[in-house]
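*Asks:* Mind folding the following:
(one chain, ligands or ions: 1)
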Amino acid sequence: PPKTSFETSSRRIYSNMAAVEASKRAAATAAVQNHYPTNAKWVGIGSGTTIVYVVEAIKNSGTDTTLTKFVPTGYQSKQLVTSAGLTAVEFDAIPEGVVLDIAFDGADEIDDDLNCIKGGGACLFQEKIVALQAKEFICVADSRKLQSRLLTNWAYIPIEVAPIAALRVLRKLRELGSEGPTVRLNVLGKEGPLKTDQGFFIVDAPFPPLLTTTDIQAGKDGSGKNGVWEVATLAQKIKAIPGVLEVGIFYGLTGPQAQAVGAVGGQKPV
Ligand code: 5RP
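*Replies:* Take a look at the predicted model:
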């Protein structure tokens, strides 16, 4: 009967949600236990629902945070930091020459090379500048987010765009092979496009799954000619479109390949 099946499915949804939350908390606890420097002076704190558990784990770790400055990646992240009784410092107030000891953040999807899609919560620009300012970038995510290739489960790349250039950016993204890129709309009954903390728009651009370095080493073509892109190649193409402030592909920032990028190419990760 409908009532029984509704109750059954709602119980299932509830227990799945509980498992996801438990997975987020477990990942956050492990991330803090394994990576948080006990003498951290400067710490980046990202956005989303998983990062809440990171702040909880820092508070529970027993570390003395009285002299630690936490750099948030947006308005909600700042609220999270201050409501936990921690000291928030805006990105622009980081003194010249200071590098963050570590930055924690969530992700929408993570591939085999530890590249991520970010921006589901529309904070990708601030998230990227904070991550780039850190010695170590720790991405914390529950097991649903891990996929061999980006854009397997997560459907689109979030891109932060100047409102004046939005239509042109949408056109350029279609030329790169994105099918149906859209300007993200407000939720909660507010009409019109969502605006970021910078007053910019978010364009969500669907693409087919992105190739990893393993795919390229195996001889696959990620140049986009056949509509299929390798992660870094597509990130650079999108970033080069006039009007794009930042792209929600984070690559070369996490794991062993971050050191490889620095050591081999000496390039700044995108
Ligand atoms: C916001 C982000 C978030 O880190 C990402 O969306 C993950 O969020 P959650 O932890 O809620 O799944 O990139 O712009």
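
*Asks:* drop to CA atoms for contacts and neighbour counts, all remaining ones
*Replies:* Noted.

*Asks:* Now do the same for the residue of the stretch 151-270 of the chain found nearest the ligand: its pLDDT.
*Replies:* Distances between the stretch 151-270 of the chain and the ligand by Cα to the nearest ligand atom are smallest at residue 248, namely 7.7 Å. On pLDDT, residue 248 comes in at 98.

*Asks:* got a list of what it touches?
*Replies:* Residues in contact with residue 248 (Cα atoms under 8 Å, 6 or more residues apart in numbering) are 116-119, 124-125, 157-160.

*Asks:* could these go into TSV alongside distance to residue 226?
*Replies:* Converted to TSV, the contacts of residue 248 look like this (distance: Cα to Cα, whole Å):
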residue	distance to residue 226
116	23
117	22
118	25
119	26
124	28
125	29
157	19
158	22
159	22
160	26
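
*Asks:* Would you check those and say which has the weakest pLDDT?
*Replies:* Lowest pLDDT within those is found at residue 116 (94).

*Asks:* Count the neighbours of residue 142 for me.
*Replies:* Burial measure for residue 142: 21 neighbouring residues, criterion other Cα atoms under 10 Å.

*Asks:* Show the contacting residues for it.
*Replies:* Applying Cα under 8 Å, 6+ apart, one finds that residue 142 lies in contact with 20, 23-24, 27.

*Asks:* looking at the residues you listed, which has the most residues close by?
*Replies:* Among the contacts of residue 142, the one with the most neighbours (other Cα under 10 Å) is residue 24, at 24 neighbours.

*Asks:* now the nearest residue to that residue once chain neighbours are set aside: how far from the ligand?
*Replies:* Among residues not flanking residue 24 along the chain, residue 142 sits closest, at 4.9 Å (Cα to Cα, 6 or more residues apart in numbering). According to Cα to the nearest ligand atom, to the nearest Å, residue 142 and the ligand sit 8 Å apart.

*Asks:* Quick check: residue 142 vs residue 120, distance?
*Replies:* Counting by Cα to Cα, to the nearest Å, the gap from residue 142 to residue 120 is 15 Å.

*Asks:* Can you give me the neighbour number for the nearest residue to residue 75 once chain neighbours are set aside?
*Replies:* In this structure, residue 75 finds its nearest non-sequential neighbour in residue 197, 7.3 Å apart by Cα to Cα, 6+ apart. Residue 197 is flanked by 14 other residues according to other Cα under 10 Å.

*Asks:* Isn't residue 182 up against residue 193?
*Replies:* No: the criterion here is Cα atoms under 8 Å, and residue 182 misses it with residue 193 at 10.0 Å.

*Asks:* Of all residues in this protein, which one is nearest the centre?
*Replies:* Taking Cα atoms, centre = their mean as the criterion, residue 118 is the residue nearest the geometric centre of the chain, at 2.7 Å.
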